[in-house]
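# missing the sequence, but the structure's below:
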C-alpha cells in the first residue's frame, strides 16, 4: 500500500468506476463537452452496459453529428444490443464520412448479413 494507507487503483474494475465518475463530473460541469459524453459512452461499452452507453452516446451525437468516433461507438452499442441493422447503418455512415476507416469496415463486414435479411 502507498503512503497514507490508500489502495492503488490497479484493479480494472476500480479504474472503470473511476472513469465513470470522472466522465459524469465532466458532463456535470461542461454539459456541451461532447468528448466527455463520448468517452463515458465508451466506458459503458467496456463495462458491458450498452443501454447506458447508448443514452450518453446519443447525447454526444446530438452535440456533434459528424464525429466518426461517436458514430462508431453508436454502431458498437447497437451491435451489443443485438440490433445489427442499426449497427451496419452507423458503421456505413462512418465510412461515408471517412472512407479509410478500417474499424468501421471490419465491423460492417460480418454484420452485413443482417442488412440483407431486412
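Nice, I can see it. None of the values given here were measured: they were computed from a predicted structure.

# since we're on residue 66, how many residues are nearby?
9 (other Cβ atoms under 10 Å). No exception for glycine: its C-beta is placed from N, CA and C like everyone else's.

# now residue 90
With other Cβ under 10 Å as criterion, residue 90 counts 27.

# list the contacts for it?
Shown in contact with residue 90 (Cβ atoms under 8 Å, 6 or more residues apart in numbering): 71-72, 74-75, 78.

# Please list the members of those that lie in helices.
71-72, 74-75, 78 (DSSP state H).

# Closest one of the residues you listed to residue 97?
Nearest to residue 97 among the ones in helices among the contacts of residue 90 is residue 71, at 7.5 Å by Cβ to Cβ.

# Is the residue nearest to that closest one when sequence neighbours are not counted inside a helix or a strand, and which specific one?
In space, and not counting its chain neighbours, residue 71 is closest to residue 94: 4.9 Å by Cβ to Cβ, 6 or more residues apart in numbering. Residue 94 belongs to helix 84-97 when assigned by DSSP states H and E.

# So which bits of that helix are buried?
Buried residues in helix 84-97, counted by 16 or more other Cβ atoms under 10 Å: 84, 86-95.

# With stretch 25-43 instead?
Residues 26-27, 34-43 are the ones in stretch 25-43 that count as buried (16+ other Cβ under 10 Å).

# And stretch 63-78, by the same measure?
Residues of stretch 63-78 classed as buried: 63, 67-78 (neighbour count, 16+ other Cβ under 10 Å).

# closest to residue 101 among those residues?
For those, the minimum distance to residue 101 (Cβ to Cβ) is 6.3 Å, reached by residue 68.

# quick one: low-confidence ranges for the protein?
When residues are selected by pLDDT under 70, those of the chain lie in 1-10, 108-118.

# Repeat the analysis, applying 50 as the threshold.
Scanning the chain with the threshold set as pLDDT under 50 gives 1-5, 7, 9, 113-118.
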